[in-house]
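Participant: what shape does this take:
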Amino acid sequence: MSARPALPDGPFLVVGLARSGIAAALLLHGRGAAVIGVDAGSPEVERLRAAGVEVHVDDSGTDLLDRVGALVKSPGVPGTAPAVALARERGLPVLGEVELAWRLLPNDFIAVTGTNGKTTTTELLGHIHREAGLPVAVAGNVGTPVASLVGALAPATTVVCESSSYQLEDTIAFAPAAAVLLNVTPDHLDRHGTFEAYREAKLEAFRRQRPGDVAVAPTDLAPLLPGAGRRVTFGLAADGATVALHDDGTITWEGEPLIAAAEIGIPGPHNRENAMAAAAVALARGIDRDAVRAGLRSFGGVAHRLEPIRERDGVAYVNDSKATNVDATAVALRSYPPGSVRLIAGGVTKAQEFSPLVALVAERCASVHLIGEGAAEIAAALEPAGVPLHDDGDMEHAVAAAGAAARPGQVVLLSPACASFDQYANFEARGDHFRRLAQEA
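Facilitator: Numbers count the residues shown, from 1 in each chain. Model (predicted):
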């Protein structure tokens, strides 16, 4: 493993004090660096203050730049934030939390990115490592800040890092030992501006890889990958994929049988692709084939991804709160029979186009129950579907209305196609609220 770059000289200004920012500030402070934390809002910062970190809230941070030598940007903070834009204008180094942690960790990294399926694939890779008896830590956008792992892992531990576009756009030298691109479709256009900019942020995971590294992608996206990593593909056998699905349902690795698609523990065509991607990176890195096969069979999925909650009077309640974009909701709708879905959707629309859902909603939904700030916009887009559209306002009313309308054999499905930040702290909080309401229904 080649040496990773040293950190720039401090003091450090950490901008954005949510989960990742707090972890970055505590890491730097614990290493003896001078650290100032700042947030334009009013987050909970008592943990930082208790540790002795200087903290400023309700503050853009621009007046603090004269006191620092580098800026660490939390993923939720856009590059247009005043302190970030001014720091770059002045030529100060600007690092993201993943870049910061990667430079300080000696461990191999596997970066998992894509529009949909990141969390499932990341957790599945962790599960495969554990099946093989290999030390592993799962972190990143999945919930545990990577910065919190520094100093806590044995050198042989592999870090499997769910890597969002928000995290990857702030990388400078980041070059993971393996990177996985699952798919890429329009998302977060309110942040990135264009699909091309969003895609380029994803591709940062591959840009600085070296010939000994592994670069995994679907066969149709592999030509887009930058960097010098060894290409490993997943997809159809007819397309020449390294991990290949054959017409008879067999999945092979480099032409040799690996597993039958029907044996994969998590259901659905989208999860088959996630499993093939996980198998590709695990096998390319030398993990035992039997352990990979066992992991694919035994992995049961993760919370907030088509998570069955309960069944009452023949009506199923399913939590897909992680469906924060149109493509993810389309995947969810395809998982159920025609006319069977009472869909709960809505939230922050992120400048998405919702018309691609019209045909699926017309085919699969008995009704749509809208919540949050995007309800009117989504209703206008889905009107051609010809199914009843209800602006229920919030989750309580939506679950009650959908549950009352549902008949045996139908499903009340939370699959919002939107971010949660208008009504919830994150998609987990939204899904947890749905779960509580469904259990009480």
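Participant: need the longest helix for the protein.
Facilitator: Counting residues, the longest helix in the chain under DSSP state H turns out to be helix 269-284.
Participant: give the other helices and strands that it contacts.
Facilitator: Where contact means 3 or more Cβ pairs under 8 Å, 6 or more residues apart in numbering; DSSP states H and E, helix 269-284 is packed against helix 118-131, strand 178-181, strand 214-218, strand 230-236, strand 243-245, strand 250-253, strand 256-260, helix 289-298. (Each C-beta comes from the backbone N, C-alpha and C, glycine too.)
Participant: not counting sequence-adjacent ones, nearest residue to residue 206?
Facilitator: The spatial neighbour of residue 206 that comes closest, neighbours along the chain excluded (Cβ to Cβ, 6 or more residues apart in numbering), is residue 227 at 4.2 Å.
Participant: so the one you found versus residue 13, what's the distance?
Facilitator: Per Cβ to Cβ, to the nearest Å, residue 227 is found 30 Å from residue 13.
Participant: and the strands in the stretch 1-150 of the chain?
Facilitator: Along the stretch 1-150 of the chain, counting by DSSP state E, counting those that start in this stretch, strands occupy 12-15, 35-39, 54-57, 70-73, 94-96, 109-113, 136-140.
Participant: among these, which is nearest residue 235?
Facilitator: strand 109-113 (17.1 Å; Cβ to Cβ).
Participant: can you give the strand pairings for that closest one, parallel or anti for each?
Facilitator: Paired neighbours of strand 109-113 in the sheet (DSSP bridges): strand 158-162 (parallel), strand 178-181 (parallel).
Participant: between those strands, which gets nearest to residue 385?
Facilitator: Here strand 178-181 is closest among the strands paired with strand 109-113 (Cβ to Cβ), at 31.6 Å.
Participant: identify the residues contacting the closest one?
Facilitator: With contacts defined as Cβ atoms under 8 Å, 6 or more residues apart in numbering, strand 178-181 is touched by 108-114, 121, 202-203, 205-206, 209, 213-218, 221, 225, 229, 277-278, 280-281, 284-285.
Participant: try it again at 7 Å.
Facilitator: Contact partners of strand 178-181, identified using Cβ atoms under 7 Å, 6 or more residues apart in numbering, comprise 110-114, 121, 202, 205-206, 209, 213-217, 221, 225, 229, 277, 281, 285.
Participant: same question for stretch 88-107.
Facilitator: So stretch 88-107 is in contact with 4-5, 7-8, 20, 23-24, 65, 69-75, 84, 87, 109, 140, 145-147, 149-150, 153, 155, 157-159, 161, 163, 167, 170-174, going by Cβ under 7 Å, 6+ apart.
Participant: show me the shaky parts of the stretch 101-250 of the chain.
Facilitator: Under the criterion pLDDT under 70, the flagged ranges of the stretch 101-250 of the chain are 142.
Participant: before we move on, the earlier item: most packed of the helices and strands packed on helix 269-284?
Facilitator: Mean neighbour count (mean count of other Cβ atoms under 10 Å) peaks for strand 178-181 among the helices and strands packed on helix 269-284, with a mean of 28.
Participant: render the CA-only coordinates of the helix or strand just after that one in PDB, please.
Facilitator: The element immediately downstream of strand 178-181 (helix or strand, assigned by DSSP states H and E) is helix 189-192. Only the C-alpha atoms of helix 189-192 are listed here, as PDB (Å, rounded to 0.1, in the frame of the first residue of the first chain):
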ATOM      1  CA  LEU A 189     -29.800  17.900  -9.200                       C
ATOM      2  CA  ASP A 190     -30.700  20.600  -6.700                       C
ATOM      3  CA  ARG A 191     -27.200  20.200  -5.300                       C
ATOM      4  CA  HIS A 192     -25.100  19.300  -8.300                       C
END
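Participant: tell me what helix 189-192 is packed against?
Facilitator: Applying 3 or more Cβ pairs under 7 Å, 6 or more residues apart in numbering; DSSP states H and E, one finds that helix 189-192 makes contact with helix 195-207.
Participant: name the residues that touch the helix it packs on?
Facilitator: In contact with helix 195-207 (Cβ under 7 Å, 6+ apart) are residues 111, 113, 163, 165, 168-169, 171, 176, 179, 181, 184, 186-189, 192, 215, 224-227, 229.
Participant: pull out the buried members of these.
Facilitator: Among these, those classed as buried by 16 or more other Cβ atoms under 10 Å are 111, 113, 163, 165, 168-169, 171, 176, 179, 181, 184, 186-189, 192, 215, 225, 227, 229.
Participant: sorry, back to before: and the strands paired with strand 109-113 as TSV, adding distance to residue 429?
Facilitator: Putting those into TSV (distance: least, Cβ to Cβ, whole Å) gives the following:
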stretch	distance to residue 429
strand 158-162	18
strand 178-181	27
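Participant: how long is stretch 22-41 from one end to the other?
Facilitator: 14 Å (Cα to Cα, to the nearest Å).
Participant: got a list of contacts for that stretch?
Facilitator: With contacts defined as Cβ under 7 Å, 6+ apart, stretch 22-41 is touched by 10-17, 21, 45, 47-48, 51-61, 64, 67-68, 72, 83, 97, 100, 145, 147-148, 150.
Participant: now the buried members of those residues.
Facilitator: Among the contacts of stretch 22-41, those classed as buried by 16+ other Cβ under 10 Å are 10, 12-17, 21, 45, 48, 53-56, 60-61, 64, 68, 72, 83, 97, 100, 145, 147-148, 150.
Participant: nearest residue to the middle of this protein?
Facilitator: residue 118 (4.8 Å; Cα atoms, centre = their mean).
Participant: surely that one and residue 165 touch.
Facilitator: No: using Cβ atoms under 7 Å, residue 118 makes no contact with residue 165, being 10.3 Å away.
Participant: so which of the strands paired with strand 109-113 comes closest to residue 342?
Facilitator: For residue 342, the closest of these is strand 158-162, at 30.1 Å, according to Cβ to Cβ.
Participant: the inter-axis angle of the closest one versus helix 118-131?
Facilitator: Angle, strand 158-162 to helix 118-131, by axes from the mean of the first three to the mean of the last three Cα atoms, to 10 degrees: 160 degrees.
Participant: what about strand 158-162, distance to the chain center?
Facilitator: 12 Å (Cα atoms, centre = their mean, to the nearest Å).
Participant: do stretch 410-422 as well
Facilitator: Remark: stretch 410-422 is offset 16 Å from the chain centroid, using Cα atoms, centre = their mean.
Participant: check which residues of that stretch are buried.
Facilitator: Under 16+ other Cβ under 10 Å, the buried positions of stretch 410-422 are 410, 411, 412, 413, 414, 415, 416, 417, 418, 419, 420, 421.
Participant: do the same with stretch 79-87
Facilitator: 81, 83, 84, 86, 87.
Participant: and it, what's its mean pLDDT?
Facilitator: For stretch 79-87, mean pLDDT rounds to 97.
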